[in-house]
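Trainee: structure, please.
(one chain, ligands or ions: 2)
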Amino acid sequence: MSRAETGTGQPPVALTIAGSDSGGGAGIQADLHTFAAHRVHGTSVVTAITAQNTRGVTAAESVGVDLVRAQLDAVLGDFSVAAVKTGMLGGDALLALVAQYGEAGRLPSLVVDPVMVTTTGDSLFAGDPAAYLARLGPLATVLTPNLIEARQLLGREITTVDDMREAARALATYGPRAVLVKGGHREEDASGPASFGAPHEDEPASGDRRERGGARGSDGPGGAQNGRVDTGGARSGRVETGGAPRRSVETASAAGDSGSAIDVLWCDGEMRELAAPRVETRNDHGTGCTLASAIAARLALGHPLPQAVAGAKAYVTEALRAAADWRLGLGPGPVHHHHAHLPPAAIAEAARGELHRDPASLGPQASLWGNAGLRRDRRAAAFVFPARVAVAKRPAASTGSAGRSPRAVVFRSAAWFSGSRRRLGPSGPPDSTLAAGSDTAVPLTIRTVRADRSSFTSNHSKETA
Ligand SMILES: Nc1ncnc2c1ncn2[C@@H]1O[C@H](COP(=O)(O)OP(=O)(O)O)[C@@H](O)[C@H]1O
Ligand SMILES: Cc1ncc(COP(=O)(O)OP(=O)(O)O)c(N)n1
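Mentor: Ligands and ions are numbered 1, 2, ... in the order given. Got it, this is the predicted structure:
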């Protein structure tokens, strides 16, 4: 049982040491969103400030060493930090500082995301990649380079999944317990092995979905779009990632279907592939930060390392899916960090009034709807489905919203979820959804389902279920 599940409601604490993304999709902002989505208390040490949006970075400045040290001391001197994630360190000075804290044993369960360049082509690390590996490699519980970063750290091309495995092995020799080489930048090639494009400096930034694979764009073959779902069979040495397909890239490519986002995990001497359906979306900004902080959150919650990594990948896949159609900003936007709290499908359906076509048929106290996963909780007179959201109808009079009847309420309560989870037993929420959290529930209220469908509003109400 993790600390978060002791029943006290007190969340574990995680720390992110990273840069600020003013656009809110990556960096510190993504990390804190992710911690919160996992019901982990997030603390932060800001290493740099970037002026950044969905189209790129226009300015960046490192925070001075003394101020970063002061932040580290403030957080580590007060909180019992259970896991740490590092992101943008900017250069050798902050790299050395963070390494000192790690060497002093002050950075437990350390997830090192060696941020070097954004996928819009902006460099975020001006230091020596070799020093990065030498200093932080031995301290890392898990090192999570993307393909560009693995290439920079090792100084070699990475073209196939075999190369990814080799890269993971090579990086592991620097001392981390695990290495996750992320394949988000892999460009699909229906005619041959999956490959990644070399950096292509001249390609203009696109306002729509980017071809990933280098410092902006890719000259990799095909340029095939993503979105195909790999439904291949089981393979040994792979970790289940919440409905993820089980097929290697080579197999997928041979079949002309490479619609998987495949990462390679070397952990405790074992090599595994983690595959998930590739989500077709332009909104993939901050996926690396989100993945690394989700791993840290899960480590803070007490998950064993391979499960923490697999669960984090499933979380990222869902976050990509849930935000696939968003248009936040003109370029590649952020993912939906809170997808598990507010399933967009349920809310969108509620907004369209499609869930309560016949409110009169609902029970006197509460009613339910949902998808196949919906279950009834008789005691609470509410309903639960594995995404841990209950939707109940209340008579207008009891909620003070006369004239707005019927009314739908989406409850969001960690304690309630925990209880629901217990009632649901082992078949309850899967690992890819959130772990148990605190009792600080703030129900989210949705007024909806008017005949004219014009009165949908949503607010964070203090009303309780
Ligand atoms: N379109 C996508 N569909 C599904 N998973 C993706 C997609 N893009 C990235 N990922 C996953 O997101 C995680 C972050 O990978 P990546 O994008 O390579 O990192 P970074 O953001 O550091 O460049 C990985 O698990 C990767 O497989
Ligand atoms: C401040 C800051 N830190 C890290 C990144 C890189 O984020 P990442 O998750 O790798 O996503 P992309 O930027 O590559 O989409 C960043 N952009 N800003």
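
Trainee: was I right to think residue 19 contacts residue 94?
Mentor: No - applying CB atoms under 8 Å as the test, residue 19 and residue 94 come out as separate, 9.8 Å apart. For every residue, glycine as well, the C-beta is placed using N, CA and C.

Trainee: neighbour count: the two, which is higher?
Mentor: Higher neighbour count among residue 19 and residue 94: residue 19, with 28 against 25, using other CB atoms under 10 Å.

Trainee: which strand or helix spans that one?
Mentor: strand 13-21 (DSSP states H and E).

Trainee: packing partners of whichever helix or strand comes after that strand?
Mentor: Next in sequence after strand 13-21, counting helices and strands by DSSP H and E, comes helix 27-37. Using 3 or more CB pairs under 8 Å, 6 or more residues apart in numbering; DSSP states H and E, the elements in contact with helix 27-37 are strand 13-21, strand 41-53, helix 287-300.

Trainee: again, 10 Å this time
Mentor: strand 13-21, strand 41-53, strand 81-86, helix 287-300, helix 305-322 (3 or more CB pairs under 10 Å, 6 or more residues apart in numbering; DSSP states H and E).

Trainee: give me the common contacts of residue 19 and residue 94.
Mentor: By CB atoms under 10 Å, 6 or more residues apart in numbering, residue 19 and residue 94 have these common neighbours: 47-48, 62-63, 88.

Trainee: near ligand 2, which residues of the protein?
Mentor: Residues of the chain lying near ligand 2 by CB under 6 Å from any ligand atom: 18-21, 26-27, 50, 52, 87-88, 115, 118-119, 124, 285-289.

Trainee: with just CA atoms, put stretch 102-116 into CSV.
Mentor: The C-alpha trace of stretch 102-116 is given here as CSV (Å, rounded to 0.1, in the frame of the first residue of the first chain):
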residue,chain,number,x,y,z
GLY,A,102,21.6,13.9,-6.2
GLU,A,103,25.0,12.8,-5.1
ALA,A,104,24.2,13.9,-1.5
GLY,A,105,21.2,11.5,-1.7
ARG,A,106,18.6,14.2,-1.6
LEU,A,107,16.8,13.4,-4.9
PRO,A,108,15.0,10.1,-4.3
SER,A,109,13.4,8.1,-7.2
LEU,A,110,15.0,10.4,-9.7
VAL,A,111,13.4,10.5,-13.2
VAL,A,112,15.8,12.3,-15.5
ASP,A,113,14.3,13.7,-18.7
PRO,A,114,17.4,15.0,-20.5
VAL,A,115,15.7,17.9,-22.2
MET,A,116,17.9,19.3,-24.9
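
Trainee: buried residues, it. List them.
Mentor: Buried residues in stretch 102-116, counting neighbours by 16 or more other CB atoms under 10 Å, are found at 102, 106-107, 109-116.

Trainee: could you find the closest non-adjacent residue to residue 136?
Mentor: Using CB to CB, 6 or more residues apart in numbering and skipping residues adjacent in sequence, the residue nearest residue 136 is residue 112, 5.0 Å away.

Trainee: any low-confidence regions in the stretch 151-300 of the chain?
Mentor: Along the stretch 151-300 of the chain, the parts satisfying pLDDT under 70 run over 186-258.

Trainee: restricted to helices, list the buried residues of stretch 102-116.
Mentor: Among those, DSSP state H puts residue 102 in helices.

Trainee: pick out the most distant pair among the buried residues of stretch 102-116.
Mentor: 106 and 116 (24.3 Å; CB to CB).

Trainee: quick one, which of the helices and strands packed on helix 27-37 is nearest to ligand 1?
Mentor: helix 287-300 (1.9 Å; CB to the nearest ligand atom).

Trainee: check which helices and strands the closest one sits against.
Mentor: Applying 3+ CB pairs under 10 Å, 6+ apart, one finds that helix 287-300 contacts strand 13-21, helix 27-37, strand 41-53, strand 81-86, strand 110-112, strand 142-143, strand 178-181, helix 305-322.

Trainee: okay, the ones you listed in TSV with distance to ligand 1 next?
Mentor: Shown next, in TSV, are the helices and strands packed on helix 287-300 (distance: least, CB to the nearest ligand atom, whole Å):
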stretch	distance to ligand 1
strand 13-21	12
helix 27-37	10
strand 41-53	14
strand 81-86	12
strand 110-112	12
strand 142-143	12
strand 178-181	8
helix 305-322	5
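
Trainee: can you lay out these as TSV showing distance to residue 72?
Mentor: Below are the helices and strands packed on helix 287-300 laid out as TSV (distance: least, CB to CB, whole Å):
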stretch	distance to residue 72
strand 13-21	7
helix 27-37	14
strand 41-53	5
strand 81-86	10
strand 110-112	13
strand 142-143	20
strand 178-181	24
helix 305-322	23
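
Trainee: pull out the buried positions in stretch 46-53.
Mentor: Buried, per 16+ other CB under 10 Å, within stretch 46-53: 46-50, 52-53.

Trainee: now it: mean pLDDT?
Mentor: For stretch 46-53, mean pLDDT rounds to 98.

Trainee: for stretch 333-344, same thing?
Mentor: Mean predicted lDDT for stretch 333-344 stands at 82.

Trainee: quick one: it near ligand 1?
Mentor: No - applying CB under 6 Å from any ligand atom, one finds stretch 333-344 separated from ligand 1 by no less than 8.7 Å.
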